[in-house]
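Visitor: Sequence plus predicted model, see below.
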Amino acid sequence: MSFFEAVFLGLIQGVTEFLPVSSSGHLAIAQSLLPDFSQPGLLFDILLHLGTMVAVVCFFRRELLQLMLAPFNRSEEGKLHRRILMLLILASVPTAVIGLSFKDFFESLFHNLPAVAGMLLVTGTLLFVAEKTRKEGRQEGRQEGRQEDRLTWKDALLVGTVQGAAIIPGISRSGSTIAALLLAGVNGETAARFSFLLALPAVFGAALLSLGDLREVAASEFPAYLAGTLAAFVSGLLSIRFLMGVIRRKRLIYFSAYCWGMGALLLTLSLSGVI
């Protein structure tokens, strides 16, 4: 893998990780277009995810600090943060079970472009239904949605299960988890924050599982791997800020159209043998 390819893929990862368009799907498409692209396992993809997760840590550093100090904070605010921390831990359980049980199967789908295209169509549909439901709720005068203090264990198990399924390339992790919480009646910004924080243990866990692949990376390729990770971090930080603004303005429907268009195009090109 060249330095240019690594940076190119890092930028794609950073931009698409937080926008609800499936970073794994876009990486699979981009990697299929690069001649003779190869990597040990999914190590490079995991490193790119790590770059974007560092962006999450930087953007939500205040929330993360509050969660870390929650066990020692006996105030009402500390009680709320302890509850959120427990919900994040609970939500991580189904994600880990699904990821560990179907790891090999999910990895095989990265080379199946028709499957990636189909999952992009699914992502678009999830976003459309979630945004339409939220819009209908506003028109009927219902409240905007539940805040963090009203999240439940059912919400945690739901979003954790959806995140586990989102390992499938083409299913947007951020899009599917945010959509699931919106459909469950959770406020948009609350859904986005919980989704981003929930991604941290999942990505770090996947990174630990991929450490063994480091032995197969040539020393000459390490600079390219690091450059790709840095590119993912910088573009990811900008992407988070952009998506939070989109959610406030309630414009997820545009990403639904994008996923449908990209999925239909990819399905056509792959089935016709063009790519």
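Guide: Cool, the structure landed.
Visitor: going forward, measure contacts between C-alpha atoms and count neighbours the same way
Guide: Noted.
Visitor: where exactly do the helices run in the stretch 51-200 of the chain?
Guide: Applying DSSP state H, counting those that start in this stretch to the stretch 51-200 of the chain gives helices spanning 61-69, 76-101, 103-108, 113-139, 153-165, 173-183, 188-209.
Visitor: Looking at those, which is nearest to M244?
Guide: Closest of these to M244 is helix 188-209, at 7.0 Å (criterion: Cα to Cα).
Visitor: in this structure, which helix or strand is least confident?
Guide: The helix or strand of the chain with the poorest confidence is helix 103-108; it has a mean of 74 (mean pLDDT, DSSP states H and E).
Visitor: Just name the most buried of the helices of the stretch 51-200 of the chain.
Guide: Among the helices of the stretch 51-200 of the chain, helix 173-183 has the highest mean neighbour count (mean count of other Cα atoms under 10 Å), at a mean of 27.
Visitor: what helices or strands is it leaning on?
Guide: helix 3-18, helix 113-139, helix 153-165, helix 188-209 (3 or more Cα pairs under 8 Å, 6 or more residues apart in numbering; DSSP states H and E).
Visitor: circling back: right, and the helices of the stretch 51-200 of the chain - which one's nearest R241?
Guide: Judging the helices of the stretch 51-200 of the chain by Cα to Cα, what sits closest to R241 is helix 188-209, at 11.3 Å.
Visitor: For the next helix-or-strand element following the closest one, buried residues please.
Guide: Following helix 188-209 in sequence order, the next helix or strand is helix 222-249 (DSSP states H and E). Using 16 or more other Cα atoms under 10 Å as the burial criterion, the residues of helix 222-249 that qualify are 224-237, 239-240, 243-244, 246-247.
Visitor: My read is that F3 contacts P223, right?
Guide: Yes - the criterion here is Cα atoms under 8 Å, and F3 meets it with P223 at 7.5 Å.
Visitor: so how far is stretch 71-85 from its chain's centroid?
Guide: Put simply, stretch 71-85 sits 26 Å off its chain's centre (Cα atoms, centre = their mean, to the nearest Å).
Visitor: how far away is the nearest residue to D149 once chain neighbours are set aside from E63?
Guide: Take D149 and drop its neighbours on the chain: the residue closest to it by Cα to Cα, 6 or more residues apart in numbering is L80, 6.5 Å away. Plainly put, L80 is 12 Å away from E63 if you go by Cα to Cα, to the nearest Å.
Visitor: N187 too?
Guide: According to Cα to Cα, N187 stands 17 Å off from E63.
Visitor: ok, the residue nearest to R82 when sequence neighbours are not counted - contacts?
Guide: Leaving aside its sequence neighbours, R82 sits nearest to A70 (Cα to Cα, 6+ apart; 5.2 Å). Counting by Cα atoms under 8 Å, 6 or more residues apart in numbering, A70 touches 78-79, 81-82.
Visitor: Relative to I178, how far out is L127?
Guide: Separation of L127 from I178 (Cα to Cα): 9 Å.
Visitor: again with A231
Guide: Noted for A231: a distance of 25 Å to I178, by Cα to Cα.
Visitor: again, but for S2
Guide: Applying Cα to Cα to S2 and I178 gives a distance of 35 Å.
Visitor: Likewise for L200?
Guide: Separation of L200 from I178 (Cα to Cα): 15 Å.
Visitor: Can you pull out the low-pLDDT segments for this protein?
Guide: Scanning the chain for pLDDT under 70 picks out 36-43, 137-144, 206-207, 209-219, 275.
Visitor: could you measure V162 against L267, distance?
Guide: To L267, V162 is 24 Å away according to Cα to Cα.
Visitor: nope, S22 is what I was after
Guide: Taking Cα to Cα, one finds S22 at 15 Å from L267.
Visitor: How about L182?
Guide: Counting by Cα to Cα - L182 and L267 are separated by 28 Å.
Visitor: same thing with F18?
Guide: For F18 relative to L267 (Cα to Cα), the value is 23 Å.
Visitor: more neighbours, those two?
Guide: The neighbour count for F18 versus L267, taken as other Cα atoms under 10 Å, is higher for F18 (30 against 21).
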